[in-house]
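Chemist: What follows is a predicted protein model with its sequence.
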There are 6 protein chains.
Amino acid sequence: MALGTIVSFKALLAVVALGAGPALAEASADERRRRGEAVIRDLNRGQAQPTLEGLRRDFPDLADAITDYALGDVWGRPGLDHRTRQLAAVSAFAALGNQPFLKVHAGYALNLGVAEAELKEIVHLTTVHAGFPRAIEAAQTLSALFAERRAAAGTKP
Amino acid sequence: MALGTIVSFKALLAVVALGAGPALAEASADERRRRGEAVIRDLNRGQAQPTLEGLRRDFPDLADAITDYALGDVWGRPGLDHRTRQLAAVSAFAALGNQPFLKVHAGYALNLGVAEAELKEIVHLTTVHAGFPRAIEAAQTLSALFAERRAAAGTKP
Amino acid sequence: MALGTIVSFKALLAVVALGAGPALAEASADERRRRGEAVIRDLNRGQAQPTLEGLRRDFPDLADAITDYALGDVWGRPGLDHRTRQLAAVSAFAALGNQPFLKVHAGYALNLGVAEAELKEIVHLTTVHAGFPRAIEAAQTLSALFAERRAAAGTKP
Amino acid sequence: MALGTIVSFKALLAVVALGAGPALAEASADERRRRGEAVIRDLNRGQAQPTLEGLRRDFPDLADAITDYALGDVWGRPGLDHRTRQLAAVSAFAALGNQPFLKVHAGYALNLGVAEAELKEIVHLTTVHAGFPRAIEAAQTLSALFAERRAAAGTKP
Amino acid sequence: MALGTIVSFKALLAVVALGAGPALAEASADERRRRGEAVIRDLNRGQAQPTLEGLRRDFPDLADAITDYALGDVWGRPGLDHRTRQLAAVSAFAALGNQPFLKVHAGYALNLGVAEAELKEIVHLTTVHAGFPRAIEAAQTLSALFAERRAAAGTKP
Amino acid sequence: MALGTIVSFKALLAVVALGAGPALAEASADERRRRGEAVIRDLNRGQAQPTLEGLRRDFPDLADAITDYALGDVWGRPGLDHRTRQLAAVSAFAALGNQPFLKVHAGYALNLGVAEAELKEIVHLTTVHAGFPRAIEAAQTLSALFAERRAAAGTKP
């Protein structure tokens, strides 16, 4: 993945927007790959995603499907702003009780400027949608994430 | 539920906003009830919610808990706009495969001005979060909802 | 299933109690079958269970496994009173969102003398364990069950 | 949480029982909080609940909602004895595969005098309700809990 | 979908097999679409799939994603025979309790020559993996499917 | 469990096949136990299964139910080859997100001669059935399993 040659996701969206619908559905293999790689870098502060990279050795086709379909075709769609999409993902993973993916997507949300307080609102909704145990586990995951990021940034809570 | 005497949710939020945090946590029984009733009317175009009303005869305490806690304490919180919250709910119910609640919350979203196209974006995310069967079922639920609302409005698709 | 020849479950338990543990684990094929048949009749007011009978034509081995293992080996165990066991089953099926099995086991619970009010308590617990949608669905299922039984008994609510 | 000033849950229930229904639904904010705190102390041998306390710093509103709604409004209801309620909770969490909450509620059950053998019966039911993997995981969780409590009590199995 | 111009899936596989791995990952948009359409026709006795066609009006992008990714990229992979793959799908949907998708994939399995008796074996496994209720629901779904197909073929059971 | 005296599963099947159906349903307690023990040894390279053995002290009746019903009655059935059955189990546990049981059954599959590449195909199906997070978790579990077995065999990947 030659990072230097990849245009930013925002630039790409500007191009895609010119002929959006069909371009998305009928993108070439190259365009899909590039779009997926641009999405992950925009979500992950310009860096490769460790879970995804960890799959490449044993499951290269799965890593490609994630890049091309999940990131390129789906997360690369225009039509909903990235903040709302991450909050929707956080809501789904909190309700499903999938803590590792909740953590990854809550991290993306923070990278995109979502406030910690907004993520906490999703936890309150989760008490209603899926019960208190799921909400409590989500709260614990977010607390751990907030603490890790503060530690990495060298700041106090 | 004397609808005439209930102030609108937006008016209430304006008041609540003056002393938000503590007021919410320590609201009196009356305030919680009133806040919950205001929320449901704002989401449901000023009308009572049929599922909720259907519970009152056999499960009055549950109907009260929904009004006071789920609607009043949780959905009545400030801190996230109502549109985002509904999209988060739609995302959770699509991932969980709960079609009746997906339909109710997608209806609220449309009432609040969310576009059909935005709801469709949640379906695309659901293919990634929870697989194609869940997404297909959500698509079928939304199609039925869109058709019902068009029929009720006397319009063609 | 020659009903006339089957001793009641309570009579059987009295016998089993004499040498409980090993007898259960090492029951003969005949004893397991008879114990399972006795359990279903004690739960279902002396009658065959329609879901189970419906399986016999296409899935006879499954019907036998339900009778021998699920009913005979598990539900036929001493060690927890039948009322508590049914409430535990109702709680599990409410949390899992399995309405048909919730209805069957709530019916058994009523047959055993559990009060409607006790079943309603499980619904309140379900709001905490698994969220309001699961609890609301369980409430609707119980309301339908209560109404059917009142209609069958020719009584008013 | 001034523990010294909190009346026991049993004493509170005696009071509440005088005018139960309405008092529960329309309890003041103070009464709900107090009732929730009394419940947790009765379940947890007079001590604060570590998971709940861990939420207070980052999620104070969630900790309050747990205390007021989950513990005060729901677990503080009369209408089902505490033993049955804990067995119902253990059954739900075993079927859902939620080991941390299964462990907490199985611990409460033991605190209330439920026998280890009764908890094991729920595991047998779980093989039927939710399959052998869920039951095996529940058995492993209970074994770990039993061992921890024996170690804490300085006794041998 | 011009059916006349679509080569059969088996013919396509023969071609793909020449340079399998990379060809799959880097197929052009046209090739992916064609491969997906060939897969569905091979599974569904040469006919369009009603659920998929039903999505085209409101959710055309989703219908395309199903064709291109789910059918083309995934179900179009070599590496596992189609019979085993359908039995794996039936096993997953039985365990998840998704009856509509269980029915569709059990129908594909029968189309591919899987015996009714083999599908019944999956139901027995489901009692272990996911419990008796899931297995009983799967048995009821298969019974209905078997009956529909016999009725359509004008045969007696 | 006197391993030396247990005939192999294949030998047993040959015997069972003589009068299969009824023999299975009406096997004596001894035959069921022996059949279950033969199954586990055939799946697990002639060795006892650690999870099962770990249950014997606290949950002896559950260990017996696993041996007699899950292994003896279900996994000991003829009617589907063992490879297909393990792939069906892997598919179910991947979709359910149960990593420990996925690992155990993927290990059995490898013991029976299923190729790593075939297990990877199930992961691709899981992206469709249950979404990318479940598939990614399954991929990580399989990678860990493959690595452990290579390490145990003293080979390089």
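Modeler: Cool, the structure landed.
Chemist: what does chain A have sitting close to chain B?
Modeler: A:69-70, A:74-75, A:77, A:79-80, A:84-85, A:87-96, A:101, A:117-118, A:120-122, A:124-130 (Cβ under 8 Å from any Cβ of the partner chain). C-beta coordinates here come from the backbone N, C-alpha and C atoms, glycine included.
Chemist: one more time with 7 Å
Modeler: Within reach of chain B by Cβ under 7 Å from any Cβ of the partner chain, chain A has these residues: A:70, A:74, A:77, A:79-80, A:84-85, A:87-89, A:91-92, A:95-96, A:117-118, A:121-122, A:124-125, A:127-130.
Chemist: List of residues touching stretch A:70-90?
Modeler: The contact list for stretch A:70-90 (Cβ atoms under 7 Å, 6 or more residues apart in numbering or on different chains) reads A:13, A:16-17, A:20, A:24, A:32-33, A:35-36, A:39-40, A:102, A:105-106, A:108-109, A:112-114, A:118-119, A:122, B:84, B:87-88, B:91, B:117-118, B:121-122, B:124-125, B:127-129, E:65, F:132.
Chemist: Which of those residues are buried, as a PyMOL select command?
Modeler: Of the contacts of stretch A:70-90, the buried ones can be selected in PyMOL as follows, counting by 16 or more other Cβ atoms under 10 Å in any protein chain shown:
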select buried, (chain A and resi 13+16+24+32+33+35+36+39+40+102+105+106+108+109+112+114+118+119+122) or (chain B and resi 84+87+88+91+118+121+122+124+125+127+128+129) or (chain E and resi 65) or (chain F and resi 132)
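Chemist: Tell me which entries of the contacts of stretch A:70-90 lie within helices.
Modeler: Among the contacts of stretch A:70-90, the ones falling in helices (DSSP state H) are A:13, A:16-17, A:20, A:24, A:32-33, A:35-36, A:39-40, A:102, A:105-106, A:108-109, A:118-119, A:122, B:84, B:87-88, B:91, B:117-118, B:121-122, B:124-125, B:127-129, E:65, F:132.
Chemist: By mean pLDDT, which helix or strand of chain A comes out lowest?
Modeler: The weakest-scoring helix or strand in chain A, judged by mean pLDDT, DSSP states H and E, is helix A:9-18 (a mean of 38).
Chemist: Would you mind confirming that A:Asn98 makes contact with F:Pro133?
Modeler: Yes - applying Cβ atoms under 7 Å, one finds A:Asn98 in contact with F:Pro133, separated by 5.6 Å.
Chemist: Would you quantify the distance from A:Arg35 to A:His105?
Modeler: To A:His105, A:Arg35 is 19 Å away according to Cβ to Cβ, to the nearest Å.
Chemist: so how many other residues sit close to A:Gln99?
Modeler: A count of neighbours around A:Gln99, defined by other Cβ atoms under 10 Å in any protein chain shown, yields 17.
Chemist: any idea how far A:Ala144 is from it?
Modeler: As for A:Gln99, its distance to A:Ala144 is 9 Å (criterion: Cβ to Cβ).
Chemist: Equivalent analysis for A:Arg77, please.
Modeler: According to Cβ to Cβ, A:Arg77 and A:Ala144 sit 30 Å apart.
Chemist: more crowded one of those two?
Modeler: Taking neighbours as other Cβ under 10 Å, A:Arg77 and A:Ala144 compare with A:Arg77 leading, 20 against 13.
Chemist: Give me the three-state assignment for that one.
Modeler: Here A:Arg77 is coil, with the state taken from DSSP: H, G, I helix; E, B strand; the rest coil.
Chemist: and if you look at A:Ala63?
Modeler: From three-state DSSP, the assignment for A:Ala63 is helix.
Chemist: Settle this for me: A:Leu145 is touching A:Val104, isn't it.
Modeler: No - with contact defined as Cβ under 7 Å, A:Leu145 does not reach A:Val104; the gap is 9.3 Å.
Chemist: Neighbour count: those two, which is higher?
Modeler: A:Val104 (22 against 19).
Chemist: can you tell me which residues contact the more buried one?
Modeler: A:Thr51.
Chemist: switch the cut-off to 10 Å
Modeler: Each residue near A:Val104 by Cβ atoms under 10 Å, 6 or more residues apart in numbering or on different chains is listed here: A:Leu43, A:Asn44, A:Gln49, A:Pro50, A:Thr51, A:Leu52, A:Ala89, A:Val90, A:Phe93, A:Asn98, A:Leu145, F:Pro133.
Chemist: before we move on, what about A:Arg56?
Modeler: A:Met1, A:Ala48, A:Leu62, A:Ala63, A:Asp64.
Chemist: Show the pLDDT at the first one.
Modeler: The reference is to A:Met1. On the pLDDT scale, A:Met1 is placed at 34.
Chemist: again with the last one
Modeler: pLDDT recorded at A:Asp64 is 98.
Chemist: try A:Ile6
Modeler: Reported pLDDT for A:Ile6: 35.
Chemist: which among the contacts of A:Arg56 end up buried?
Modeler: Among these, those buried by neighbour count (16+ other Cβ under 10 Å) are A:Leu62, A:Ala63, A:Asp64.
Chemist: picking up where we left off before, restrict the contacts of A:Arg56 to those that also contact chain F, please.
Modeler: Restricting the contacts of A:Arg56 to those near chain F by Cβ under 10 Å from any Cβ of the partner chain leaves A:Leu62, A:Ala63.
Chemist: so which of the contacts of A:Arg56 comes closest to chain D?
Modeler: Of all the contacts of A:Arg56, A:Leu62 has the smallest distance to chain D: 24.3 Å, by Cβ to the nearest Cβ.
Chemist: Tell me where the model's unsure across chain A.
Modeler: Low-confidence segments of chain A (pLDDT under 70): A:1-26, A:155-157.
Chemist: And for A:Gly97, the neighbour number?
Modeler: So A:Gly97, with other Cβ under 10 Å, has 18 neighbours.
Chemist: For chain A, what lies in contact range of chain E?
Modeler: Residues of chain A found near chain E (Cβ under 10 Å from any Cβ) are A:21, A:24-33, A:60-61, A:64-65, A:68-70, A:73-74, A:77, A:79.
Chemist: okay, the buried ones among the contacts of A:Arg56 in CSV with distance to D:Arg149 next?
Modeler: Shown next, in CSV, are the buried ones among the contacts of A:Arg56 (distance: Cβ to Cβ, whole Å):
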residue, distance to D:Arg149
A:Leu62, 43
A:Ala63, 45
A:Asp64, 50
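Chemist: Pipe those into CSV and attach distance to chain C per row.
Modeler: Listed next are the buried ones among the contacts of A:Arg56 as CSV, based on distance: Cβ to the nearest Cβ, whole Å:
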residue, distance to chain C
A:Leu62, 30
A:Ala63, 34
A:Asp64, 36
